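Novice: Here is a sequence with its predicted model. Questions after.
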Amino acid sequence: MDQDIRSILKTYFGFTRFRRGQEEIIHALLEQRDVLAVMPTGAGKSLCYQVPALLLEGLTLVISPLISLMKDQVNALQEGDVPGAYLNSSLSPVEYYTTISRAVQGDYKILYLAPEGLKREHIRSLREQVRISMVVIDEAHCISQWGHDFRPSYLLIREFIQSLVQRPITAAFTATATDQVKEDIACILNLENPYMLTTGFNRENLYFGVQKITKAQDKVQALLDYLKNHQDKSGIVYCATRKTVEALSAALSAAGYAATRYHAGLEDWERQNNQDNFIYDRKPLMVATNAFGMGIDKSNVSFVIHYNIPKNIESYYQEAGRAGRDGGPADCLLLYSPQDLRTNTYLITHSQSGELPKDPALISHQLEMLKAMTFYATTTDCLRARLLAYFGDRPANYCGNCSNCSTGFESIDISITAQKIISCVYRIEQRGKRFGKTMVVDILRGSKNQKLLSQGLDSLSTYGIMAEMDTHRIRTILDYLIAQEYLTLEGDTYPVVCAASRSREIIFERKPLVMMLPKEAAPHTPALKIAELDEQLFTKLKSLRNRLAQEAHIPAYIIFSDASLRDMCRKMPLNPEQFLRVSGVGEVKMKKYGAVFTRLIREHTIGGG
């Protein structure tokens, strides 16, 4: 059996070794056990069910939420001569019926299906005429309302499995799930004595960074500054609202970047066209809401930037994880602004048009998830440690590959500063007034703002008591006091700063307070570096790959990932035997592409570059 598994792994997928957890899951499935696996994006979940699907009798049905994933997966399977297909709304009625007919005839080993498709009448012929040996549920967290992306259509899966004459092996996979969500998945799907595996959530190739920004225009500039140094890279910029997507994509296009956009308000044809432009690298920069990305298998995404803070850590980690799928170094940056919290709080507490009123318990749960995300954005601890601890991992306190670890912090006693800020809020409230953060900072710095002076606020005892400290420093400490609940913000449209019950600890109990404040930021250089490569050869290989992809009308990374091209640069294969040793090259791809790639490498070698 092991020999069969490894033969399939190399022949069809081009690998000689498994990643962590893959082999154990494959063995469990081949032993007819149900599986619940939590593996980070890029860990190779699809291989865990594709390999056993080729060894099991009958058809493996993969329930997947998005058309883009199905197309990518089936393209990749067909490139490796694996008989696979998909059923979704992108097919015409004739194509849909033909695919069903061929599945009944046994032409496929793997068939992808959207969960909504389980309701279609045509699926009955599959249930009645085909032996479905395994049902795989991808993005399984969508079945739980306590997760970050609940989809009611996923509740159809259990009923479908129960309707089959012979119960298939059931395998659930997801990249992010808390213990509560994992319990939900196992219970709702009625998994029988499942083999459960969580491989850990850490992805060492990803750099995590948070940049705190107070003004909207400064965010645009921060993004442009980053892109200036990454002009030859492909990346995703996530925004909280459609309006922000529209404005930002227009600004980036005006600045000369090949950017496109994606959100639920666009026409179907435009969303598909824009996604294809991104996938095929015609426009390597995607600006999108969280409607984009689940199932995107693009391996050369070098950065994911969150222009606004997401509503929870699970969403953030899954979206950020779309960077660096090929194992190369990649950046995951969050441009944090406190006002983004108001947007997310509104989205959580208000039903969108056409939705049923939200369950109060669910609202409370989602607000707690937002609070955890806020703590991540404001922590002075290791960012990676904060993320991994949320999912139950026990990471080290220092990773060396996040903005908090690499920038360096100094421990500052802010006790007196905190007393001054909180006292200012008290003095304002004693006059029966409340103001936003900007006015509080202006009072502390002794601003000559006419609005401030006209209200006689220059007569407050706290007016000008922090004139020597710059505005950004005061604002940073004020945000920290709010995050730690010594102060609070009240109101949605124009939030005002108010004293909280904990403020007594600072004012009356004189509690000492220490805060980690950043030193001058050092330039970011990823901790994980790629070995020195022949860049000229790498460029030639990419050009060849792109030409072949255009001729075949498939994304370039389906032919070979950047990781495979880098391995070619390292190993310099000159004949078929050597080409087979390249990671990602199996017998099938060697027969298709070996001659043309080794010829280019020989010509490059002989020509001396």
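Specialist: Great, that's in hand. Residues are numbered from 1 along each chain as shown.

Novice: From here on, just use CA atoms for contacts and neighbour counts.
Specialist: OK.

Novice: So which bits of stretch 372-387 are buried?
Specialist: Using 16 or more other C-alpha atoms under 10 Å as the test for burial, stretch 372-387 gives 372-374, 376-387.

Novice: That should have said stretch 32-52, apologies.
Specialist: Buried-residue list, stretch 32-52, by 16+ other C-alpha under 10 Å: 33-45, 47-52.

Novice: Just those residues: which are in strands?
Specialist: Among those, DSSP state E puts Val35, Leu36, Ala37, Val38 in strands.

Novice: quick one, what contacts the first one?
Specialist: Right, the one you point to is Val35. Ile25, Ala28, Leu29, Thr170, Ala171, Ala172, Leu191, Pro194, Tyr195, Met196, Leu197 (C-alpha atoms under 8 Å, 6 or more residues apart in numbering).

Novice: quick check, the fourth one in a strand?
Specialist: Yes: using DSSP: H, G, I helix; E, B strand; the rest coil, the secondary structure at Thr170 is a strand.

Novice: Please dump the contacts of Val35 into JSON lines; it should also carry secondary structure for every row.
Specialist: Below are these laid out as JSON lines (three-state DSSP):
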{"residue": "Ile25", "secondary structure": "helix"}
{"residue": "Ala28", "secondary structure": "helix"}
{"residue": "Leu29", "secondary structure": "helix"}
{"residue": "Thr170", "secondary structure": "strand"}
{"residue": "Ala171", "secondary structure": "strand"}
{"residue": "Ala172", "secondary structure": "strand"}
{"residue": "Leu191", "secondary structure": "coil"}
{"residue": "Pro194", "secondary structure": "coil"}
{"residue": "Tyr195", "secondary structure": "strand"}
{"residue": "Met196", "secondary structure": "strand"}
{"residue": "Leu197", "secondary structure": "strand"}
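
Novice: What is the nearest of those residues to Glu204?
Specialist: Leu197 (19.6 Å; C-alpha to C-alpha).

Novice: And the nearest residue to that closest one once chain neighbours are set aside, how far from Ala172?
Specialist: Of all residues not flanking Leu197 in the chain, Ala37 sits nearest, at 4.9 Å (C-alpha to C-alpha, 6 or more residues apart in numbering). Using C-alpha to C-alpha, to the nearest Å, we find Ala37 at a distance of 6 Å from Ala172.

Novice: do Ile26 as well
Specialist: 13 Å.

Novice: With Met196 instead?
Specialist: In terms of C-alpha to C-alpha, Met196 sits 10 Å off from Ala172.

Novice: again with Ile63
Specialist: 10 Å.

Novice: again, but for Gly84
Specialist: Taking C-alpha to C-alpha, one finds Gly84 at 19 Å from Ala172.

Novice: repeat for Ile412
Specialist: In terms of C-alpha to C-alpha, Ile412 sits 47 Å off from Ala172.

Novice: The two: which has the busier surroundings?
Specialist: More neighbours surround Ala172 than the other of Ile412 and Ala172, with 26 against 12 (other C-alpha atoms under 10 Å).

Novice: The more buried one pairs with what?
Specialist: Leu36, Ile137 (DSSP bridges).

Novice: OK, contacts around it?
Specialist: Val35, Leu36, Ala37, Val136, Ile137, Asp138, Glu139, Ala140, Ile185.

Novice: cool, Ser299 as well?
Specialist: Here Ser299 is in contact with Ala323, Gly324, Arg325, Asp326, Tyr557, Ser561, Asp562 (C-alpha under 8 Å, 6+ apart).

Novice: Please report which of these has the highest neighbour count.
Specialist: Ala323 (30 neighbours).

Novice: measure the residue lying farthest from the centre of the chain to Leu452 for me?
Specialist: Distance from the centre of the chain peaks at Ser459, with 50.2 Å (C-alpha atoms, centre = their mean). For Ser459, the distance to Leu452 equals 10 Å [C-alpha to C-alpha].

Novice: show me where pLDDT drops low in the stretch 1-150 of the chain?
Specialist: 1-3, 68, 147-148 (pLDDT under 70).

Novice: what are the ranges of the helices in it?
Specialist: 2-13, 22-30, 45-55, 67-79, 93-104, 123-129 (DSSP state H, counting those that start in this stretch).

Novice: Adding distance to Asp149, write the ones you listed out as a markdown table.
Specialist: Listed next are the helices of the stretch 1-150 of the chain as a markdown table, based on distance: least, C-alpha to C-alpha, whole Å:
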| stretch | distance to Asp149 |
| --- | --- |
| helix 2-13 | 31 |
| helix 22-30 | 25 |
| helix 45-55 | 19 |
| helix 67-79 | 16 |
| helix 93-104 | 28 |
| helix 123-129 | 26 |
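
Novice: Nearest to Ala549 among those would be which one?
Specialist: helix 67-79 (11.2 Å).

Novice: which helices and strands sit right next to that closest one?
Specialist: strand 84-87, helix 556-559 (3 or more C-alpha pairs under 8 Å, 6 or more residues apart in numbering; DSSP states H and E).

Novice: name the helices or strands packed onto the first one?
Specialist: When you say that, I think you mean strand 84-87. helix 67-79, helix 93-104, strand 110-113.

Novice: Glu267: which of those is closest?
Specialist: Taking the helices and strands packed on strand 84-87 one by one with C-alpha to C-alpha, helix 67-79 is closest: 15.6 Å.

Novice: Only the buried residues of stretch 445-465, if you could.
Specialist: Arg445, Gly446, Ser447, Leu452, Leu457, Asp458, Thr462, Tyr463, Gly464, Ile465.

Novice: Next step: those residues restricted to strands.
Specialist: Residues of the buried residues of stretch 445-465 located in strands (DSSP E): none.

Novice: Taking the residues you listed, tell me the two that lie furthest apart.
Specialist: Most distant of the buried residues of stretch 445-465, by C-alpha to C-alpha, are Leu452 and Ile465, 15.3 Å apart.

Novice: Format the contacts of Ala172 as a markdown table; extra columns: distance to Arg282.
Specialist: Formatted as a markdown table, the contacts of Ala172 follow (distance: C-alpha to C-alpha, whole Å):
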| residue | distance to Arg282 |
| --- | --- |
| Val35 | 39 |
| Leu36 | 37 |
| Ala37 | 35 |
| Val136 | 33 |
| Ile137 | 32 |
| Asp138 | 28 |
| Glu139 | 28 |
| Ala140 | 32 |
| Ile185 | 38 |
